[in-house]
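>>> curious how this folds, go ahead:
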Amino acid sequence: MITLDMTISQAIEQLQGDLGLTQKELANALGTSSRTLERWITHSHHPQQEARARIHALLALDQRLQETFDSRDTIKEWMRARNRYLRGLRPVEVAAAGRFDVVEAALDALDDGIFV
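Next up is the predicted model:
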């Protein structure tokens, strides 16, 4: 989760590093453009309430992934692999569409031992 000692640019850097998202994928997931994301990173603009909520939700998903998998490489692999629970989509595609809840549901299924 984002903490008081974490800036928006640090949160963005963490998400890109942990999840292996490109800047475009992350911008899509946050409901913004790559240009606006770059402005957040350089501190020339700040995300509004909805975007901050999406950042928090994506950080929560990141935390959940870290609890489920044993390494960042495994997380990145899972995020890029086609997932039958997600009807052949990759979790990164679902996250880029802003549907973090659906990715969480796939993790729930995995944690419950349901391998579709």
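
>>> and stretch 20-35, what's buried?
Using 16 or more other CB atoms under 10 Å as the test for burial, stretch 20-35 gives 20-21, 25-30, 32. C-beta: built from backbone N, CA, C; applies to glycine.

>>> now do the closest residue to residue 50 other than its chain neighbours against residue 49, distance only.
Leaving aside its sequence neighbours, residue 50 sits nearest to residue 31 (CB to CB, 6 or more residues apart in numbering; 6.8 Å). To residue 49, residue 31 is 12 Å away according to CB to CB, to the nearest Å.

>>> what do those two both touch?
Common contacts of residue 31 and residue 49 (CB atoms under 8 Å, 6 or more residues apart in numbering): none found.

>>> tell me where the model's unsure across the chain.
Judged by pLDDT under 70, the chain has its weakly predicted residues at 1-4, 115-116.

>>> can you show me the strands along it?
Here the chain has no strands by DSSP state E.

>>> how many residues are close by residue 9?
14 (other CB atoms under 10 Å).

>>> so it sits right up against residue 41, yeah?
Yes: Residue 9 is in contact with residue 41 according to CB atoms under 8 Å; the separation is 4.5 Å.

>>> list the buried ones in the longest helix seen in the chain?
In the chain, with assignment by DSSP state H, the single longest helix is helix 49-68. For helix 49-68, the neighbour count (16+ other CB under 10 Å) marks 51, 54-55, 57-59, 61-62, 64-65 as buried.

>>> residue 98 and residue 41: what is the separation?
Distance, residue 98 to residue 41, using CB to CB: 19 Å.

>>> done for today, thanks.
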